[in-house]
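Visitor: Have a look; sequence and predicted model below, questions after that.
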Amino acid sequence: MTIRTGLMATACVALLAPAALAQSDEPLRLGAFVPVTGAGALGEGSLAAVELAVEEINAGGGILGRSLDLTVADYQTDPAIGVGEANRLIHQVGIDMAVGPTYSQVTLATLPLLSGAQVPSINVSGAASITPDVAPFSFSMLANAETQAQAMVNNAIDVFEAQSFAILSDNGAQAKTAVAEIQRIVEEMGLEVTGVQEYNYSARDLTPQLLALQRGEPDALLLFSSTGDDTANVLLGREQLNWDVPISGSAGASLAAPALEAGGPALYDNVVALANAGFSYCEADGRPERAVAFIEAMQAAHPDSADRYPMSFIASFYDAVYVLKAALEGTDGDLSGPAVAAWIEENAGSFEGVNNGLAASAESHFLIGPSTLRPVLPATQDEYGIQQRAGC
Amino acid sequence: MTIVELVLILVRGLGQGAIFALIAMSLNVIASASSILNFAVGALMVLAGVGAYMILPSDPTLFGWIMAGLLIALGMGVFGFLQGGLTLIPLKSSVEQHSWLITTMAVSIIIGAGIHLFGGSLAFRVPSPIPPVTIYSTTTPTAYLLLIVLAVAVYLCLKWFHSRTYIGLAMSAVAQDLDASKAAGINVRRVQLASFSLAGVVLGLTGHIGAPVINISADTGIGYLLSGFTAAVVGGMGNNLGALVGGAMVGVLSMFAAYQFGGIYQDSVTMGLLILVLMIRPEGIFGLAAARKV
């Protein structure tokens, strides 16, 4: 074989391989890393959202004619279990792509395996350490901790005119990153942090933390919580201490259902939190249609349990599947991590899902940037779980 | 620390500690009659909280709340009896075999999974018919005060039960010498089942009364078990006065550590207490040093 013949053969293979893949009848294998059991409260709804997206895509003819075959990895919020599940999905199931995990500790543990196998994935984690260097083929549907930290400080200053801040957070990896970032931002602005406290996930009584922070007499409390239950516990504690400190919260603080059930809208007096633009609105503009359609589809699919799901959060899982679909169609069926990652970096802005305005680059794979976040009034949550923006 | 802060931390710490004390007493009741540590006690208490969530309306009356409490206590007593049967059936003698390690832990896991299947991962919020009490312009859930009263009442009742009733005396006898008790004609298996049932009643009352301040969700039972176990060991395993004091110590110290040093140190300070007590008094504060067999 001459060199020319060899080169031609290689070129032919390179050109035909994606087309051959596209024409394959084999189902595409999607892995879903969701904590269906174990601590936390996000797995059940997240899985339901992924299942909905898969059902819709398969009903619409699949991706390039190939159906999606879903395999669930229940990592139970445990990094060790997550690694075991990642090995199972990669080596036994042979997944082509993945969505999740959510918990940063688990994401950080599993991404090296996915990257090593060149499996493209979209997680829903916010730890800033998840960079393209660490995980070149993975993107996040969550605003990273640094983005949220900046927005929380800005909201506290803009909405409450705060000049001094207390910080309260859970003890997750993302929260620790956010707290460090908040401290850095506030120091750079020449403002004051009066106290920092943290709590364990699901800690019921946060009185000691709140009492300690109250001593510093801050203008505002910056609350980085990851779950609606934790947010409810903080707000109940604030109410019981009769402490009227304004709160600027993270995206987790806008998961309002538990707090509204525990204490009603009054618990959210003087609270703003972060929500994706696609899940917030101003009265004059009307409710976001895509979010409403997603929620109605979830309610139809899960009439008994949909009211428990944090819709704005699980919509990220739903969108994640569609982003991968768009990327595979954009690469004409090239499943390799580098091809999918390159396409998403180039074309994330054109994606139209429940969440729009996504952005990615070679430097950052966090698809939800500052321009996609809005300050919302969580107590204004309507029957769809959509909240009004602050300052409309 | 101001006097207001001190009072709030004490009241809430004692309230939390009462939960741990009641779990510790439940552990003691069963352990003294069977040498079994029931690792499902945390999950059983949470299960009682789920029962309160299911039975109580969103705005319960005091009468309805009391009736629900009795029903839950009764139901948990029956559940405890059944769990005891499940645990004890494979054992010829609980001190010679250790299958109870697996069966009690399995029950805990199954309860957690059942709660998850029933209600998902979100915590259940249970209302209280009794308004919160005001302390220095702040409010404290009445459940904390009721739990303190319950812990003391259960301690006194168990003391009376173990010294004044036939079945209680039989439990004490079994605790002291299993073989001698059998020789004396005591139906040991029946006594042990009664201890499981009694612990179930205590946990049922704890879960019901404490429901407004307990984290009732699928995965929280193990945390309560660990805190209750810590209280039992600190106070002296098998000693209910020790459980009462140990629970209060763990509860107050945990709250104080979070306030003074930060929430990050809450668990490590509590575990530090456990290690410290065990180094100074391996048998616990009120525990009796075991006689060495020679």
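Guide: Here it is on my side, so go on.

Visitor: all helices of the chain, in order?
Guide: I'll assume chain A. Assigned by DSSP state H, chain A shows helices spanning A:3-23, A:43-59, A:79-87, A:104-116, A:145-160, A:173-188, A:207-214, A:228-240, A:257-263, A:289-301, A:311-330, A:337-347.

Visitor: not quite, I wanted chain B
Guide: Under the criterion DSSP H, helices of chain B are mapped to B:3-34, B:41-55, B:62-88, B:99-119, B:142-164, B:166-176, B:178-183, B:188-209, B:221-235, B:240-261, B:266-280.

Visitor: mind putting the helices of chain A in TSV, mean neighbour count included?
Guide: Every C-beta, even on glycine, is put in place using the N, C-alpha and C of the backbone. Putting those into TSV (neighbours: other CB atoms under 10 Å in any protein chain shown) gives the following:
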stretch	mean neighbour count
helix A:3-23	12
helix A:43-59	21
helix A:79-87	19
helix A:104-116	22
helix A:145-160	22
helix A:173-188	20
helix A:207-214	24
helix A:228-240	25
helix A:257-263	20
helix A:289-301	17
helix A:311-330	25
helix A:337-347	20
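
Visitor: Now tabulate the ones you listed in JSON lines and tack on distance to chain B and mean pLDDT.
Guide: What follows is the helices of chain A, written out as JSON lines (distance: least, CB to the nearest CB, whole Å; pLDDT from 0 to 100):
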{"stretch": "helix A:3-23", "distance to chain B": "38", "mean pLDDT": "49"}
{"stretch": "helix A:43-59", "distance to chain B": "5", "mean pLDDT": "94"}
{"stretch": "helix A:79-87", "distance to chain B": "14", "mean pLDDT": "95"}
{"stretch": "helix A:104-116", "distance to chain B": "15", "mean pLDDT": "92"}
{"stretch": "helix A:145-160", "distance to chain B": "17", "mean pLDDT": "93"}
{"stretch": "helix A:173-188", "distance to chain B": "10", "mean pLDDT": "92"}
{"stretch": "helix A:207-214", "distance to chain B": "4", "mean pLDDT": "95"}
{"stretch": "helix A:228-240", "distance to chain B": "5", "mean pLDDT": "94"}
{"stretch": "helix A:257-263", "distance to chain B": "5", "mean pLDDT": "89"}
{"stretch": "helix A:289-301", "distance to chain B": "14", "mean pLDDT": "95"}
{"stretch": "helix A:311-330", "distance to chain B": "12", "mean pLDDT": "94"}
{"stretch": "helix A:337-347", "distance to chain B": "30", "mean pLDDT": "96"}
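
Visitor: Between the ones you listed, which one is closest to A:Gly278.
Guide: Closest approach to A:Gly278 among the helices of chain A is made by helix A:289-301 (5.5 Å; CB to CB).

Visitor: Identify the residue of the stretch 51-200 of chain B closest to chain A, quick one.
Guide: With CB to the nearest CB, the shortest gap between the stretch 51-200 of chain B and chain A falls at B:Ser121, namely 3.8 Å.

Visitor: That residue: how many residues sit nearby?
Guide: Residues lying near B:Ser121 (other CB atoms under 10 Å in any protein chain shown) number 25.

Visitor: Tell me if I'm right that it and A:Gly43 touch.
Guide: Yes - shown here, B:Ser121 and A:Gly43 form a contact pair, counting by CB atoms under 8 Å, at 6.6 Å.

Visitor: Name the residues of chain B found near chain A, please.
Guide: B:5, B:8-9, B:12, B:16, B:113, B:116, B:119-123, B:125, B:132, B:137-141, B:213-215, B:217-220, B:255-260, B:262-264, B:266-267 (CB under 8 Å from any CB of the partner chain).

Visitor: Show me which of those residues are buried.
Guide: Among these, the ones that count as buried by 16 or more other CB atoms under 10 Å in any protein chain shown are B:5, B:8-9, B:12, B:16, B:116, B:119-123, B:125, B:132, B:138, B:140-141, B:213-215, B:217-220, B:255-259, B:262-264, B:266-267.

Visitor: for B:Gly228, what are its contacts?
Guide: Going by CB atoms under 8 Å, 6 or more residues apart in numbering or on different chains, B:Gly228 touches B:19-24, B:26-27, B:41-42, B:247.

Visitor: show me where pLDDT drops low in the stretch 1-150 of chain B?
Guide: Filtered on pLDDT under 70, the stretch 1-150 of chain B yields the residue ranges B:92-97.

Visitor: hmm, 90 instead?
Guide: Counting by pLDDT under 90, the stretch 1-150 of chain B has low-confidence residues at B:1-2, B:4, B:32-36, B:58-59, B:85-103, B:106, B:113, B:116-123, B:127, B:135-137.

Visitor: What's the end-to-end length of stretch A:116-124?
Guide: 20 Å (CA to CA, to the nearest Å).

Visitor: swap in stretch A:211-225?
Guide: Stretch A:211-225: ends 18 Å apart by CA to CA.

Visitor: go on, stretch A:306-314?
Guide: Using CA to CA, first and last residues of stretch A:306-314 are 11 Å apart.

Visitor: next one: that stretch to chain centre, how far?
Guide: Put simply, stretch A:306-314 sits 13 Å off its chain's centre (CA atoms, centre = their mean, to the nearest Å).

Visitor: what's the answer for stretch A:111-129, then?
Guide: 13 Å.

Visitor: For that stretch, measure first residue to last.
Guide: When the termini of stretch A:111-129 are compared using CA to CA, they are 12 Å apart.

Visitor: for stretch A:166-181, same thing?
Guide: Using CA to CA, the two ends of stretch A:166-181 sit 14 Å apart.

Visitor: Stretch A:233-247 too?
Guide: Stretch A:233-247: ends 14 Å apart by CA to CA.

Visitor: circling back to that earlier point, out of the contacts of B:Gly228, which is most surrounded?
Guide: Neighbour counts for those (other CB under 10 Å) peak at B:Ala21, which has 36 neighbours.
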